[in-house]
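Next input, structure requested:
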Amino acid sequence: MKYFSTILTILGMYFFVYACQPAPCTDDGCPEWNELATPPENPDVGMIVNDYSVVPVVATDNKDDFVYSLNKCITHLYKDVPIEKQIPRELIIAQAALETGWGESRFANEANNLFGIRTWNKDEKYLLPIPWTEWPGWGVKVFETKCDSVAHYIRMINEVFAYEEFREVRAKILEHGEIPNGLDLAPTLTKYASRANYTELVATLIKYNIRGVYEL
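Alright, predicted model coming up:
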């Protein structure tokens, strides 16, 4: 009985100390996070399910959920996209993260637009950047779901003339029997945004925030 009481006392002290430990800070509200901060490692992120009967919902609650759910959306879409027209997952996720601040932007959450895709058709649903109030000739396209914006992005990269270099580099890599990766193709996206260092930012996200943390 004496030894049993001692064991109970030790166990009680252990659980008390464990309960007093602060909860890990893993979301975007943590002060140590910034645009290029490396998210905490999550062993569940990157698990790929090969089939979806419904369009996956892209979550924007935190970085882990954003990457994991966006990855599921890509898997869903790639059921109908041949390998020669697929875009590396890490590149899609890096651009979406950069364009939306890891899913936090107004366009991501009010327009379901993860890539800053524009429309020049005033009859389509659109949002204007704040503080614009009058149609300037274009607006940010509104999608029914965030996964729909990913599908539009994939079609755009595969069809728009501005991304011909992307398609040429991808084709050459595939001809050599290799699988293109995000770092191979990021430098070809100089026409995607007006920022001079856009492709460097995308490559940095891939190298240190996505490839280094999430297994896609």
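
residue boundaries of the strands in this protein?
Shown for the chain, the strands assigned by DSSP state E span residues 118-119, 126-127, 139-141.

Could you give the separation of the second one from the chain centroid?
Spelled out, it's strand 126-127. 21 Å (C-alpha atoms, centre = their mean, to the nearest Å).

Low-confidence ranges, the protein, go.
Confidence mapping of the chain against pLDDT under 70 gives the ranges 1-53.

tell me, what residue is most central in it?
The centre of the chain sits closest to Ile93, judged by C-alpha atoms, centre = their mean, with a distance of 3.1 Å.

right, and that one touches Leu70 too?
Yes - judged on C-beta atoms under 8 Å, Ile93 makes contact with Leu70 at a distance of 5.5 Å. Backbone N, C-alpha and C define where each C-beta goes, glycine included.

what sits in contact with each of the two?
Both Ile93 and Leu70 lack any common contacting residue under the criterion C-beta atoms under 8 Å, 6 or more residues apart in numbering.

ok so, going back, pick the most buried one from the strands of the chain.
When you average the neighbours per residue for each of those (mean count of other C-beta atoms under 10 Å), strand 139-141 leads with a mean of 21.

Okay, helices next: where are they in the chain?
For the chain, helices defined by DSSP state H occupy the ranges 2-19, 63-77, 89-100, 106-110, 146-159, 164-175, 182-185, 198-204.

Export those helices to TSV and append columns for distance to Arg118.
Shown next, in TSV, are these (distance: least, C-beta to C-beta, whole Å):
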stretch	distance to Arg118
helix 2-19	51
helix 63-77	21
helix 89-100	12
helix 106-110	10
helix 146-159	10
helix 164-175	19
helix 182-185	22
helix 198-204	16
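
among the ones you listed, which is the most enclosed?
helix 89-100 (a mean of 24).

What are the contacting residues of that helix?
Judged by C-beta under 8 Å, 6+ apart, the contacts made with helix 89-100 from elsewhere in the structure are 60, 63, 66-67, 70-71, 74, 103, 105, 107-108, 114-116, 150, 153-154, 181-182, 185-186, 189, 192, 198, 201-203, 205-206, 209-211, 214, 216.

ok, 6 Å please
The contact list for helix 89-100 (C-beta atoms under 6 Å, 6 or more residues apart in numbering) reads 67, 70, 74, 108, 114-116, 182, 185, 201-202, 205-206, 210-211, 216.

which one of those residues is nearest Ala171?
Each of the contacts of helix 89-100 was checked against Ala171 using C-beta to C-beta; the closest is Leu185, at 11.1 Å.
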